[in-house]
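Structure for this input, please:
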Amino acid sequence: MTDIYIEISKLTPKFKKMCYKYVFDKHIINEAVQELMLYFMNMNPKILKGIFEKDGIDGITAYGFVALRRALLSPRSNFYYKYRKYYEKLESWSTNDNYDIAESGEVFASKHLYNLPNEEPKVYQWEQLEEIDLALEGFTWYDRKIFELYYYEGNTLDSLAKKTGISRNSLFSTIDKVRETLKKKLNE
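Model prediction:
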């Protein structure tokens, strides 16, 4: 397997050249190729060996090209979530008056972590939570407990179904019924 990994590492310049079809930023290309190398290292060795034995280095190259194209173009790829989304956000912030001023007086757009905006998470008003708690007292113990387990403890329907042994569909209909009733009560 080591021989295969050495051959794959020799393909790095070729993979970088392939990336220029989709992206022109050297940093993004370097990150994408590094992620591809990690992908090959974490790949099932039997599958990788099968590709290499069947098609040789051309098969690995074609496989890598498909993986790179998916990484660079798909907003659902791991690469997008790790890198592209971050850089896109920084670019949008740099165009929104996020500038640094050097000691010389020069003004330049900054792209570093210290310039990220301080976004406060939404905090629910205690009064609203108390209103919800009071409104929940009008429900049966079953409806109230299911609603609390779902919203207050942050369970998903699947995890709640596993914990309680109640079917997912039953849990959904109960939660939906309570939610709709709460909306009506609180909007009055």
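
Contacts for stretch 9-19, please.
Contacting residues not belonging to stretch 9-19 are listed as 28-30, 32-33, 36-37, 57, 60-61, 64-65, 68, 72 [Cβ atoms under 8 Å, 6 or more residues apart in numbering]. In this view, the C-beta of every residue, glycine as well, is placed from N, C-alpha and C.

For stretch 59-68, what is the distance to the chain centroid?
Mean-position distance between stretch 59-68 and its chain equals 23 Å (Cα atoms, centre = their mean, to the nearest Å).

Dump it to CSV, restricted to CA.
The C-alpha trace of stretch 59-68 is given here as CSV (Å, rounded to 0.1, in the frame of the first residue of the first chain):
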residue,chain,number,x,y,z
GLY,A,59,-7.6,5.2,-12.6
ILE,A,60,-6.4,6.9,-9.4
THR,A,61,-6.1,10.2,-11.4
ALA,A,62,-9.6,9.9,-12.7
TYR,A,63,-11.0,9.1,-9.3
GLY,A,64,-9.1,12.0,-7.7
PHE,A,65,-10.4,14.4,-10.4
VAL,A,66,-14.0,13.4,-9.8
ALA,A,67,-13.4,13.8,-6.0
LEU,A,68,-11.8,17.2,-6.5
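
So for that stretch, what gets flagged as buried?
Buried positions in stretch 59-68, judged by neighbour count with 16 or more other Cβ atoms under 10 Å: 60, 61, 63, 64, 65, 67, 68.

would JSON lines of those with secondary structure be doable?
Compiled in JSON lines, the buried residues of stretch 59-68 are given as follows (DSSP: H, G, I helix; E, B strand; the rest coil):
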{"residue": "60", "secondary structure": "helix"}
{"residue": "61", "secondary structure": "helix"}
{"residue": "63", "secondary structure": "helix"}
{"residue": "64", "secondary structure": "helix"}
{"residue": "65", "secondary structure": "helix"}
{"residue": "67", "secondary structure": "helix"}
{"residue": "68", "secondary structure": "helix"}
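
How is the residue sitting nearest the centre point of the chain assigned, secondary-structure-wise?
With distances taken as Cα atoms, centre = their mean, the residue of the chain nearest its centroid is residue 81 (4.6 Å). On the three-state scheme (three-state DSSP), residue 81 is labelled helix.
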